[in-house]
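J.: missing the sequence, but the structure's below:
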């Protein structure tokens, strides 16, 4: 199915410009408008009338439920979705939501009705909250899951290969001479935590090295405070690691703080690596080596999936998983192992 993004690439303009040509052609320069129309003709792109109505505000909006807007991951994904919706001329409605709150079903009802929401995005950990997904099905609402622990035949998923990204981080540290690497895990029930820990072990197996002992794994729950506690545990070992890979940038920043407090040089005495490329990764000193999550690409994929639903009744029975690429960002926090 041809999308607005295909048209934008062929015409050499942004998806937002294509949307303007469709909805506000008088605001687009003649030469640009003609290039977009020519691309649409070449690709045989015919915008769905219902989709155009939605873009003009006459229909539903994309719904996003947030558990913790202050977290680096959720705030970055929120921003990426805003950008993707702006490019596609869509509206987005956002609501704070915790699965354990009383009368959560009534809250969801109000969100769907008052926010005119039909399609939702569920981030971790809500993407794994089965009662919510079941309830959305009864209400006829549709959702895209972001990085769920278990794939669901009723909801498509957009994911990144956390295991491969984690393995790449450890292999980067191996290339710098590190063999004793500590790992601060995320929340025990979060799929990303499990996959990133698995990536660590896979890297050791692939290199033919003995797997790290249990003392080299400490729980950080993706939280700065817990990251401090985990870093203290790892750096207090009689044979402390020469590098620590934290499951997200917040806990990696906590490791850096503990290391500085102990008088350790980064990366001279200790290499520190994070995950996500959250704003804190480039704000701390030294800046963190990390994995850059493809937030915007994932958000655009979400919008593409939802565009494909327009005018259709979503069928169930097939698991649809869309994988997006990651990128290793090497900065000053990782260096050669101390001899």
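T.: It's in. Given the structure is predicted, the values throughout are model-derived calculations rather than measurements. Numbering: from 1, shown residues only.
J.: What's the separation between the spatially most central residue of the chain and residue 241?
T.: Closest to where the C-alpha atoms of the chain average out (C-alpha atoms, centre = their mean) is residue 295, at 5.2 Å. Distance, residue 295 to residue 241, using C-beta to C-beta, to the nearest Å: 30 Å. All C-beta spots, glycine's among them, are computed from the backbone N, C-alpha and C.
J.: What ranges does the stretch 1-150 of the chain have for its strands?
T.: 61-66, 92-96, 117-122, 142-146 (DSSP state E, counting those that start in this stretch).
J.: Redo those as CSV? Include mean pLDDT.
T.: Conversion of the strands of the stretch 1-150 of the chain to CSV gives the following (pLDDT from 0 to 100):
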stretch, mean pLDDT
strand 61-66, 89
strand 92-96, 89
strand 117-122, 92
strand 142-146, 93
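J.: could the ones you listed go into TSV alongside mean neighbour count and distance to residue 39?
T.: Below are these laid out as TSV (neighbours: other C-beta atoms under 10 Å; distance: least, C-beta to C-beta, whole Å):
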stretch	mean neighbour count	distance to residue 39
strand 61-66	22	25
strand 92-96	16	26
strand 117-122	23	26
strand 142-146	24	27
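J.: got a markdown table for these, with distance to residue 42 too?
T.: Compiled in a markdown table, those are given as follows (distance: least, C-beta to C-beta, whole Å):
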| stretch | distance to residue 42 |
| --- | --- |
| strand 61-66 | 29 |
| strand 92-96 | 31 |
| strand 117-122 | 29 |
| strand 142-146 | 29 |
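J.: Of those strands, which is nearest residue 104?
T.: Among the strands of the stretch 1-150 of the chain, the nearest to residue 104 by C-beta to C-beta is strand 61-66 (10.1 Å).
J.: Show me what the host helix or strand of residue 163 is packed against.
T.: Element membership for residue 163 (DSSP states H and E) is helix 162-175. On a contact count with 3 or more C-beta pairs under 8 Å, 6 or more residues apart in numbering; DSSP states H and E, helix 162-175 meets helix 191-207, strand 243-246, strand 271-273, strand 290-292, strand 327-329.
J.: what's the angle from the longest one to helix 162-175?
T.: It refers to helix 191-207. 40 degrees (axes from the mean of the first three to the mean of the last three C-alpha atoms, to 10 degrees).
J.: So what would you say the end-to-end distance of stretch 108-122 is?
T.: By C-alpha to C-alpha, to the nearest Å, the extent of stretch 108-122 from end to end equals 13 Å.
J.: starting at the chain centroid, how far to that stretch?
T.: The chain centroid and the centroid of stretch 108-122 are separated by 21 Å under C-alpha atoms, centre = their mean, to the nearest Å.
J.: before we move on, the earlier item: take the helices and strands packed on helix 162-175 and write them to TSV, including mean neighbour count.
T.: Converted to TSV, those look like this (neighbours: other C-beta atoms under 10 Å):
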stretch	mean neighbour count
helix 191-207	19
strand 243-246	31
strand 271-273	29
strand 290-292	24
strand 327-329	14
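J.: I'd like the ones you listed laid out as CSV, including distance to residue 13.
T.: As requested, the helices and strands packed on helix 162-175 are exported to CSV (distance: least, C-beta to C-beta, whole Å):
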stretch, distance to residue 13
helix 191-207, 35
strand 243-246, 40
strand 271-273, 38
strand 290-292, 25
strand 327-329, 25
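J.: got those as CSV, with mean pLDDT and distance to residue 9 columns?
T.: CSV is the format used below for these (pLDDT from 0 to 100; distance: least, C-beta to C-beta, whole Å):
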stretch, mean pLDDT, distance to residue 9
helix 191-207, 93, 30
strand 243-246, 98, 36
strand 271-273, 98, 34
strand 290-292, 95, 22
strand 327-329, 95, 20
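J.: low-scoring stretches of the stretch 151-300 of the chain, by residue?
T.: Regions of the stretch 151-300 of the chain meeting the criterion pLDDT under 70 are absent.
J.: For residue 35, which of the helices and strands packed on helix 162-175 is the nearest?
T.: Between those, strand 327-329 lies closest to residue 35; by C-beta to C-beta that is 30.6 Å.
J.: Tell me the strands beside the closest one, with direction?
T.: Strand pairing for strand 327-329, using DSSP bridges, gives strand 290-292 (antiparallel).
J.: still on that earlier bit, the residue nearest to the centre of the chain - nearest residue in space that isn't next to it in sequence?
T.: residue 80 (3.8 Å; C-beta to C-beta, 6 or more residues apart in numbering).
J.: Tell me how many other residues crowd residue 228.
T.: 18 (other C-beta atoms under 10 Å).
J.: Give me the distance between it and residue 263.
T.: For residue 228, the distance to residue 263 - C-beta to C-beta - is 16 Å.
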